[in-house]
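Chemist: Turn this into a model:
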Amino acid sequence: MADNSACNPDLIIAHKFPDTTYVYTERDVAVYALGVGACGRDAVDTDELKYVYHENGQQFIKVLPTFSTLFSLRGLPQLSGVPGLKFDKRLLLHGQQYIEIHKPLPSNASILNKTTIAGFHDKGKAAIIELETRSYEKESGELLTLNRTSVFLRGAGGFSDPSKPFTYSNYPVNPASAMKIPKTQPFAVFEDCTQPPQALLYRLSGDYNPLHSDPMIAKVAGFSRPILHGLCTLGFAVRAIIKCICRGDPDMVKSIFARFVLHVYPGEALITEMWPEGLRVIYQVKAKERNRAVLSGYVDLHRLAASL
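Modeler: I've put the predicted structure just below:
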């Protein structure tokens, strides 16, 4: 250990989180969908109206697969209480997200979340901690989703020998290892525009990190103004893939991987580029105004749409 006052990885990886319960309703599903831009271009778009309205009642609205990322958010505030983990929560950044959808999400449910520390790595000037959250339908006990969240803790690294930095992971396979953005022209391109209050709307789904709402906190973190939540950008991207590749059927999505490359400012236009490769769709999202890649990853499907 390089510094006894710094992070203690033995304590960190041994930590056990308490199980948590997350109860949501159709209203939460609809607010989330609006937060990730559903119906933002066209309020009567039949591909997206189903996420916020159903003629036979709200209990029949469809749930976007990325809604499941809200279950994993419950683990992030608990990081402050992990023994041996020292970091400034204002400097926390989302690195990667991996999601498995084991069963289409119901429009209302009581969820039991079991969270574990799945990885911890010393990167010198920063540390990376990985959380795995398995979410079960409380009534039936069925596994609905699995989320793996990789968090970049700036200033928390340097606690181990730099010639042999500490690393721990219980992931059998790194979901990012086989992903590469193709050099060819994308099969489909979808442009959408975030709104200036997009982060303020998305935060109503439960991510109240002031980095996305407080101008002073944003400046401390090195940004000119509050930035959009990375998981909000991911919601925009997966919506685009469902619309363009899945022909509007969210139940085709099997798993999702996202690498957060660069921040997005609310109000910027997002261009999602898509490359189907068998049952996998490689994607990249760019902020149009800056022509910079902000997000990349892949979506695995259960099947292909008949028209592809």
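
Chemist: quick one: low-confidence ranges for the stretch 151-300 of the chain?
Modeler: 172-173, 176-178 (pLDDT under 70).

Chemist: All the helices of it, in order from the start?
Modeler: 198-202, 215-220, 230-244 (DSSP state H, counting those that start in this stretch).

Chemist: Buried deepest among these, which one?
Modeler: helix 230-244 (a mean of 24; mean count of other CB atoms under 10 Å). Where C-beta positions appear, they are placed from N, C-alpha and C, glycine not excepted.

Chemist: Distance from the chain centre to it, please.
Modeler: Offset of helix 230-244 from its chain centre (CA atoms, centre = their mean, to the nearest Å): 10 Å.

Chemist: sorry, back to before: the helices of the stretch 151-300 of the chain into CSV, with extra columns for distance to residue 142?
Modeler: Converted to CSV, the helices of the stretch 151-300 of the chain look like this (distance: least, CB to CB, whole Å):
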stretch, distance to residue 142
helix 198-202, 28
helix 215-220, 39
helix 230-244, 22
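
Chemist: what's near enough to touch residue 13?
Modeler: By CB atoms under 8 Å, 6 or more residues apart in numbering, residue 13 lies in contact with 117, 120, 168.

Chemist: is it true that the first one touches residue 128?
Modeler: Spelled out, that is residue 117. No: contact between residue 117 and residue 128 fails when scored by CB atoms under 8 Å: they sit 11.4 Å apart.

Chemist: what does stretch 293-308 contact?
Modeler: Here stretch 293-308 has contacts from 179, 181, 230, 233-234, 237-238, 241, 245-247, 249, 251-264, 270, 276, 279-287, using CB under 8 Å, 6+ apart.

Chemist: Show me where the stretch 1-150 of the chain has its helices.
Modeler: 9-14, 26-35, 46-49, 69-72.

Chemist: mean confidence for the second one?
Modeler: Confidence over helix 26-35, taken as the mean pLDDT, stands at 97.

Chemist: Can you give me the buried ones in that helix?
Modeler: Of the residues in helix 26-35, 26, 28-35 count as buried by neighbour count, 16 or more other CB atoms under 10 Å.

Chemist: Next, the angle from that helix to helix 230-244.
Modeler: Compare the direction of helix 26-35 with that of helix 230-244 by axes from the mean of the first three to the mean of the last three CA atoms, to 10 degrees and you get 90 degrees.

Chemist: roughly how far out does helix 26-35 sit from the chain middle?
Modeler: Using CA atoms, centre = their mean, the offset of helix 26-35 from its chain centre is 16 Å.

Chemist: And the contacts of that helix?
Modeler: With CB under 8 Å, 6+ apart as the criterion, helix 26-35 contacts 39-40, 48, 51-53, 58-59, 61, 63-64, 67, 70, 107-108, 198, 201-205, 232, 235.

Chemist: wait, doesn't residue 122 sit right on residue 166?
Modeler: Yes: look at residue 122 against residue 166 with CB under 8 Å: they come within range, at 4.5 Å.

Chemist: which neighbours do the two share?
Modeler: Common contacts of residue 122 and residue 166 (CB under 8 Å, 6+ apart): 9, 159-160.

Chemist: can you give me the strands for the stretch 101-250 of the chain?
Modeler: For the stretch 101-250 of the chain, the strands defined by DSSP state E, counting those that start in this stretch occupy 109-122, 126-137, 143-154, 167-169, 188-193.

Chemist: Output those in a markdown table; the columns should cover distance to residue 304 and mean neighbour count.
Modeler: Output for these, formatted as a markdown table (distance: least, CB to CB, whole Å; neighbours: other CB atoms under 10 Å):
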| stretch | distance to residue 304 | mean neighbour count |
| --- | --- | --- |
| strand 109-122 | 29 | 19 |
| strand 126-137 | 27 | 22 |
| strand 143-154 | 22 | 20 |
| strand 167-169 | 32 | 14 |
| strand 188-193 | 13 | 16 |
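
Chemist: and of the ones you listed, who's closest to residue 217?
Modeler: Nearest to residue 217, of all the strands of the stretch 101-250 of the chain, is strand 143-154, at 13.9 Å by CB to CB.

Chemist: Remind me what that closest one packs against, helices and strands.
Modeler: Secondary-structure packing of strand 143-154 (3 or more CB pairs under 8 Å, 6 or more residues apart in numbering; DSSP states H and E): helix 69-72, strand 92-101, strand 109-122, strand 126-137.

Chemist: Remind me what the second one packs against, helices and strands.
Modeler: Counting contacts by 3+ CB pairs under 8 Å, 6+ apart, the secondary-structure elements packed against strand 92-101 are helix 69-72, strand 143-154, helix 230-244, strand 253-260.

Chemist: I'd like the average pLDDT over it.
Modeler: The model assigns strand 92-101 a mean pLDDT of 91.

Chemist: so residue 60 sits right up against residue 107, yeah?
Modeler: Yes: shown here, residue 60 and residue 107 form a contact pair, counting by CB under 8 Å, at 6.9 Å.

Chemist: That's all I had, so thanks and see you.
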